[in-house]
Every structure is written in structure tokens, then in C-alpha cells.
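Chemist: dropping a prediction and its sequence here:
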Amino acid sequence: MLAILGILIMGIALFLTPLGIPGLWIMVGVLAIGTIAGEVGIFTIVVCLVLALGAEILEYLIVQKLNVRYGGSRLAFWGAIFGGVAGVIVGMPIPLIGSLIAGFIGTFAGAMAATLYETKRFDSAARVGWGVLIGRMWAAATKVAAGIVIFVLGSAALLV
């Protein structure tokens, strides 16, 4: 029964991941509890921990690289981060899809606003906003892919 509950929590966490909620870490937490309870092996938890950490690092690197590639600054990067978080919060009243879409819009708007503040050029600001948005989408896809692997490995470990 506890294994089914763990799998259910991991499934929900997987769907929360692209919304900017730390779903990968929720899944790792479930597996850590399973490890303490003797249901999940050390190898499985270590692999899942490495996957989650790798996905977080890749998210940062992808967004940062596309920010720079499209002409963004450090301020634009942080504007994108804060804008994305604000978007997720604003989009929460619309279940699931509202937070996702608002988070992406917030990422774009945050990077664009920061660049507009720095350069006073709308075309440059729009370009940076677009680049960071593309980076955020790729990063979300990367984290979901890692989450799927963690879900499958964790579910198998909990069921065996």
C-alpha cells in the first residue's frame, strides 16, 4: 500500500515539474524515504539523485547559454528567473496549464524588462526575452525527461 502511495506522489510530482515546482526533488524524497524503509536500494537512490542534480545543472546551463546567445546579460537572466516565478504564482488559479503558460510568459517578460531597462531598445529586449523563453522550454523538457526516468526507476524499485 505504501509503495502505491509513493508511486502516486511521484506521478503528481512529475506533472508539477514543468510548472517550476521541484518535482524531481519530491520524487527523490519519496525514494529516500523508501531507502530508509528498506524498499529502495542505495544504487537506485544514488542514480535518481544524480539524475535530478544533473537536470538542475542542465536547466541553469541551457537558460544561461541561450540568454547569452541572444544578447542577454546577468540582469536579464535573473529577470527571467524572477519573472518565471511570478508567472507561476499568477497562473495558479487556472489549474495546471495556467501556471505553465504564465511561467513561460513571465520568463519572457522578466528577461525582456531587464534588457529594456539596460539597453532602452525594444528590439534587443524582445530578442533576449525570446532566447530565454526558448531556453526555459528546453530546460523544462530536459527536467521532465529526467523525471520520467526517475519515475520509472523509482516505481520499479518500490514495486519489487
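Modeler: It's in. Numbers count the residues shown, from 1 in each chain.
Chemist: need the helices for this protein, in chain order.
Modeler: 2-16, 23-36, 42-69, 74-91, 97-119, 122-159 (DSSP state H).
Chemist: want to throw those into TSV with mean neighbour count?
Modeler: Just so you know, the C-beta spots here come from the backbone N, C-alpha and C atoms, and that holds for glycine as well. Listed next are these as TSV, based on neighbours: other Cβ atoms under 10 Å:
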stretch	mean neighbour count
helix 2-16	16
helix 23-36	20
helix 42-69	17
helix 74-91	20
helix 97-119	21
helix 122-159	19
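Chemist: with mean pLDDT as new columns, can these be given to me in TSV?
Modeler: Shown next, in TSV, are the helices of the chain (pLDDT from 0 to 100):
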stretch	mean pLDDT
helix 2-16	93
helix 23-36	96
helix 42-69	95
helix 74-91	92
helix 97-119	92
helix 122-159	95
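Chemist: for the residue located most distally from the centre of the chain, what are phi and psi?
Modeler: Going by Cα atoms, centre = their mean, the residue of the chain most distant from its centre is Lys120, 30.3 Å out. Main-chain dihedrals, Lys120, degrees, to the nearest 10: phi 60, psi 20.
Chemist: can you check Pro93 too?
Modeler: phi -60, psi -20.
Chemist: what number of residues lie near it?
Modeler: 9 (other Cβ atoms under 10 Å).
Chemist: please tell me the pLDDT value assigned to it.
Modeler: Reading off the confidence values, Pro93 has pLDDT 83.
Chemist: residues touching it, list them.
Modeler: For Pro93, no residue meets the contact criterion (Cβ atoms under 8 Å, 6 or more residues apart in numbering).
Chemist: any idea how far it is from Gly110?
Modeler: Plainly put, Pro93 is 20 Å away from Gly110 if you go by Cβ to Cβ, to the nearest Å.
Chemist: what's the answer for Thr35, then?
Modeler: In this view, Thr35 and Gly110 are 38 Å apart by Cβ to Cβ.
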